[in-house]
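**Student:** Here is a sequence with its predicted model. Questions after.
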Amino acid sequence: SLARFVDVVKLAKENSIPVRGYVSCVVGCPYEGKISPSQVLPVVQKLIDMGCVSYEVSLGDTTGVGTPKSIKDLLLNLTENGISVEKLGIHCHDTYGLAISNIFQALEMGVRSVDSSVGGLGGCPYAKGATGNVATEDVVYLMNGLGYETGVDLEKLIETGYFITNYLGRQNNSKVAHAMPCCPSEKGIRSKTWKILLNYLLLDRTKWHAHLCKQRELYRGYIRETIIKPGLQTSSTPSEVVDHPLNSESNSSWAAYFKENEVLLQIDRDVRPDLCFFQRETEYPCNEILTQEPGFESLRKRIVSTTLKVESQLQKRLGTVELQSNESLYGNNNNDDFGEYQLLPDGHESHWEVVERILFVYCKLNVGQGYVQGMNEIIGPLYYTFATDPHVEWRGIAFTFNFVESYFIYL
């Protein structure tokens, strides 16, 4: 079969096109089993004689069964038979996890050309179980450690690997990529990466603007339905209200209101970390809430006005219902501070209030799931990453971060 390539190589040489030869399965073959160095030698020699001297001949452990010893034996056999190591490259698959060790052995013996694949992508169609080529990230890390100058930015390489594997829906097989912090925060890379991984941003950048506009309007609709509309109903005059706080019926809107307040109180306790950032004022308060009529009851008012309006219903023996207030449990907060935290003036919002609103909206939309302690620990770092994006136009998106789009986090 090599004879078929004689004319191809000749034509390439005539047009000054470098030719690289490849020899597959230099250690083991899925059909013939173990391959000895003496079987590889004549094939390599024919490729060199054919004209592959302008580039090199790559020795491929295609099935990934090689060991440092088998690679050493192969290279010794070739060099002892007059083939210069400068004309050889190494191509290792990582089926048995020894690709890096095999490459190290080849480097020690003078090989300076190493094949690799970003994220360890690839495979071998005729070798069952064979993984992709060794990850470029792992090879660069090895060479950096050995003092070789590769000219490759490892951090950018890792970012590229994750981008490609995520786009293809493939697993990233680079051990270095999994071990190293691979998503730098400069230039908003970390923020955009999380948005893409959570399916908040599409892979097609040309559709970002339209998609974000749609998402923002969707979230505003959620706010209107879950916070603004109920807040306006609560502020209605008594004559307009058919229901009343003492109504013990299961379909009472007040019973649902008190139940929501219990959840809101738990969220409120969890979303006030001591980190300075969350106590600061956000640049992008929710205008839909801040511009409502004076009687509108916001989440802040539901918590801070005097005491949280939570009532427990106690059924007495004679069938009477007694509502037990939680004032004695939580105390009466008539000052401007709620606990140790001072609230911002009307028209302003802290970052923790934004997080509180996001979680409350999520709970209202996902009644079956509800709020679970720990959700705040997940949304906190994500919100911080979005809200500190160096690009001003992206920071405003933080308050519209849609947990409904990312509900799978809690499955």
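**Tutor:** Nice, I can see it.
**Student:** What is the neighbour count of residue 349?
**Tutor:** 23 (other CB atoms under 10 Å). C-betas here are computed from N, CA, C, even on glycine.
**Student:** Then residue 276?
**Tutor:** Neighbours of residue 276 (other CB under 10 Å): 8.
**Student:** how close does it get to residue 263?
**Tutor:** Using CB to CB, to the nearest Å, residue 276 is found at 27 Å from residue 263.
**Student:** and what of residue 120?
**Tutor:** 45 Å.
**Student:** Could you check which of those two is surrounded by more residues?
**Tutor:** Between residue 120 and residue 263, counted using other CB under 10 Å, the more crowded position is residue 120 (27 against 16).
**Student:** how about the nearest residue to that one, chain neighbours excluded?
**Tutor:** Take residue 120 and drop its neighbours on the chain: the residue closest to it by CB to CB, 6 or more residues apart in numbering is residue 173, 3.1 Å away.
**Student:** Strands along the stretch 101-250 of the chain, start to end?
**Tutor:** For the stretch 101-250 of the chain, the strands defined by DSSP state E, counting those that start in this stretch occupy 114-115.
**Student:** Would you mind confirming that residue 383 is in contact with residue 355?
**Tutor:** Yes - Residue 383 is within contact range of residue 355, at 5.5 Å (criterion: CB atoms under 8 Å).
**Student:** Looking at those two, which is more packed in?
**Tutor:** Counted by other CB under 10 Å, residue 383 and residue 355 do not tie: residue 355 has more neighbours, with 28 against 22.
**Student:** Would you map out the domains in the chain?
**Tutor:** 2-182, 205-410 (automatic domain parsing).
**Student:** which of those is buried the deepest?
**Tutor:** Neighbour counts (mean count of other CB atoms under 10 Å) averaged over each of the domains of the chain peak at domain 2-182, with a mean of 18.
**Student:** which stretches of the stretch 151-300 of the chain aren't confidently modelled?
**Tutor:** Along the stretch 151-300 of the chain, the parts satisfying pLDDT under 70 run over 181-187, 230-255, 292-297.
**Student:** Which secondary structure elements does the helix or strand harbouring residue 100 sit against?
**Tutor:** Per DSSP states H and E: residue 100 is located in helix 99-108. Applying 3 or more CB pairs under 8 Å, 6 or more residues apart in numbering; DSSP states H and E, one finds that helix 99-108 contacts helix 68-80, strand 88-92, strand 114-115, helix 136-146.
**Student:** circling back to that earlier point, ok, now which ones touch the residue nearest to residue 120?
**Tutor:** 94, 119, 120, 121, 131, 132, 135 (CB atoms under 8 Å, 6 or more residues apart in numbering).
**Student:** of the residues you listed, closest to residue 389?
**Tutor:** Distance to residue 389, by CB to CB, is smallest for residue 119 among these, at 25.9 Å.
**Student:** Surely the closest one is in contact with residue 138?
**Tutor:** No - Residue 119 is beyond contact range of residue 138, at 10.1 Å (criterion: CB under 8 Å).
**Student:** what about stretch 98-117, average pLDDT?
**Tutor:** For stretch 98-117, mean pLDDT rounds to 96.
**Student:** From start to finish, how long is that stretch in a straight line?
**Tutor:** Terminal residues of stretch 98-117 lie 15 Å apart, using CA to CA, to the nearest Å.
**Student:** neighbouring contacts of it?
**Tutor:** 56, 58, 60-61, 64, 66-68, 71-72, 75-76, 79, 85-86, 88-94, 132-136, 138-139, 142-143, 146, 148.
**Student:** Alright, that wraps it up for me.
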